[in-house]
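# Sequence isn't available, so here's the structure alone:
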């Protein structure tokens, strides 16, 4: 960010101005939030073109729906909620592969790195990384992305029942490791 | 606020997809709440991509909001380019539909207000003649120079004008039929006669389209209207049955008209592609 001493405007104030049709406020919100949104969506969808469309949809939705922001919680979380649901909508129409880069590269992490991770994040992080990709994916969708089992099923392209059983197995495995 | 912040190393391995899942998730959770780290993500982002998406966002935000008809069509599952072409049809605009409803309303009022049996019959006769004519007018203003705002565009477009014309004619025929059916429900003494205009309206519409391969659309529609009203009046006042053209013989004649018109339209459909000459 620049060196100007001017007090930066808070996200929710900006959203209020977007609601009254201020394009400049939308631009500022975009600059603040689009970088992490693109990265986070890219970890959930391997098609960069689709991610761009979803990000575009999301900010058009922010422009049109700024009035619907009720002022509770982080603006970032509100934007994420829109983004992930737009992604699910798009995937329902054109299924795209879920990124595998993260999984395969992980296999190549060195022993030292594993130890470092263990030190830095304790048992939980390690236990989490040891989960199978399938189990991690449902944990990610439900626990971390805050989706319902129905939405998670759509995102991952598996039946809702499978999401539930995988979630149970993931919990059981984590409990076992941490016990 | 937290004192933990992501360093550049962590952010760039997250951006490249190399970061393991557990750390990626904790970073994501942190980013939702920390504007300082969110600002740092800019450093590992592809600025060109972000500018490109912004250009698309502004384009979408600036795009004119589609009208009521177009949005309704899209909601009904019509594809958006077709919805726009249909919504641009002058006779599918709300003002035209309103005028049609008004014309039908007056005919129904006339039929209802008549006190005597003969008067009621006359009202019904007027309703039938008007209802049969509605789609003729609607289709006539649905295409052609001076009427259709997309006329020049559609002549130059890769879509065949004939296909567009048929789609629009079908849409106009559909909407005016629904309107006339609704109006018919308000007629006194509801019987077969209330739908007797269906075949004539199809016949008149196809006849005016067939004529439009030679004449300008409005002239074609005007001629058909003139002939129809004349024939209807002459037939009504010559014999003792006012509704003779709406009975079996008349309906059969319209079947012949439809078949002939369809033949002419199919044979001469290239006329619609070249544009109507002035």
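Nice, thanks for sending it over. Note that this is a predicted model, so its numbers are computed, not measured.
# Quick check: phi and psi at residue A:159.
phi -70, psi 160 (degrees, to the nearest 10).
# out of everything not next to it in sequence, what's closest to it?
residue A:153 (6.1 Å; C-beta to C-beta, 6 or more residues apart in numbering or on different chains). (Each C-beta comes from the backbone N, C-alpha and C, glycine too.)
# wait, what's in contact with the one you found?
Residue A:153 makes contacts with A:159-160, A:162-163, as judged by C-beta atoms under 8 Å, 6 or more residues apart in numbering or on different chains.
# Could you check the pLDDT of residue 80?
If you meant another chain, say so; for now it's chain A. Looking at residue A:80, its pLDDT is 91.
# my bad, the chain I had in mind was chain B
74.
# That one against residue B:71, yeah?
No - assessed by C-beta atoms under 8 Å, residue B:80 is found out of contact with residue B:71, at 10.0 Å.
# Next, count neighbours for residue A:84.
Residue A:84 has 22 neighbours, counted by other C-beta atoms under 10 Å in any protein chain shown.
# That one and residue A:145 touch, don't they?
Yes - using C-beta under 8 Å, residue A:84 is in contact with residue A:145, at 5.6 Å.
# Mutual contacts of the two, please.
residue A:44.
# Tell me where the stretch 51-200 of chain B has helices.
B:68-75, B:80-87, B:94-113, B:117-140, B:151-156, B:161-184, B:198-211 (DSSP state H, counting those that start in this stretch).
# Can you lay out those as CSV showing mean neighbour count and distance to residue A:47?
As requested, the helices of the stretch 51-200 of chain B are exported to CSV (neighbours: other C-beta atoms under 10 Å in any protein chain shown; distance: least, C-beta to C-beta, whole Å):
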stretch, mean neighbour count, distance to residue A:47
helix B:68-75, 15, 25
helix B:80-87, 17, 22
helix B:94-113, 16, 41
helix B:117-140, 22, 45
helix B:151-156, 14, 33
helix B:161-184, 19, 33
helix B:198-211, 23, 46
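# Out of those helices, flag the one nearest chain A.
helix B:68-75 (13.4 Å; C-beta to the nearest C-beta).
# How far off centre is the closest one?
Distance, stretch centre to chain centre, for helix B:68-75: 9 Å (C-alpha atoms, centre = their mean, to the nearest Å).
# what residues does that helix touch?
B:66, B:80, B:82-84, B:86-87, B:92-94.
# Excluding chain neighbours, give the residue nearest to residue 127 in space.
Chain wasn't specified; assuming chain A. residue A:177 (3.9 Å).
# You answered for a different chain; I wanted chain B.
residue B:107 (4.1 Å).
# what about that neighbour, distance to residue B:225?
Noted for residue B:107: a distance of 15 Å to residue B:225, by C-beta to C-beta, to the nearest Å.
# try residue B:79
Residue B:79 sits 34 Å away from residue B:225, going by C-beta to C-beta.
# higher neighbour count, the two?
Ranked by neighbour count (other C-beta under 10 Å), residue B:79 and residue B:225 place residue B:225 first, with 18 against 9.
# Quick one: mean pLDDT over the helix or strand containing the more buried one.
Using DSSP states H and E, residue B:225 falls within helix B:217-238. Summarised as a single mean, pLDDT over helix B:217-238 is 86.
# sorry, back to before: enumerate every residue touching the residue nearest to residue B:127.
B:123, B:126-127, B:130-131, B:183.
# where does chain B have low pLDDT?
B:1-2, B:91-92, B:94-95, B:113-120, B:144-147, B:149-150, B:153-155, B:157-160, B:188-193, B:274-278 (pLDDT under 70).
# And the residue nearest the centre of it?
residue B:86 (3.8 Å; C-alpha atoms, centre = their mean).
# Tell me the spacing between the residue nearest to residue A:159 and residue A:93.
For residue A:153 relative to residue A:93 (C-beta to C-beta), the value is 16 Å.
# Can you get me the start-to-end distance on stretch A:61-76?
End-to-end distance for stretch A:61-76: 14 Å, by C-alpha to C-alpha, to the nearest Å.
# Distance from the chain centre to it, please.
For stretch A:61-76, the distance to the chain centre is 17 Å (C-alpha atoms, centre = their mean).
# likewise stretch B:40-49?
Distance, centroid of stretch B:40-49 to centroid of chain: 45 Å (C-alpha atoms, centre = their mean).
# Pull up the distance across it, start to finish.
End-to-end distance (C-alpha to C-alpha), stretch B:40-49: 17 Å.
# picking that back up, would TSV of the helices of the stretch 51-200 of chain B with distance to residue A:46 be doable?
What follows is these, written out as TSV (distance: least, C-beta to C-beta, whole Å):
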stretch	distance to residue A:46
helix B:68-75	30
helix B:80-87	27
helix B:94-113	46
helix B:117-140	50
helix B:151-156	39
helix B:161-184	39
helix B:198-211	51
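# For residue B:52, find the nearest of those helices.
helix B:80-87 (22.4 Å; C-beta to C-beta).
# What are the contacting residues of the closest one?
B:66-67, B:69-70, B:73-74, B:78, B:92-93, B:150, B:154, B:164, B:167-168, B:171.
# now, which of these sits nearest residue A:127?
residue B:74 (48.3 Å).
# what's near enough to touch residue B:136?
B:201, B:204-205, B:208, B:221, B:224-225, B:228.
# Recalculate using a threshold of 7 Å.
Contact analysis of residue B:136 by C-beta atoms under 7 Å, 6 or more residues apart in numbering or on different chains lists B:204-205, B:208, B:221, B:224-225.
# which pair in these spans the largest distance?
B:205 and B:225 (11.2 Å).
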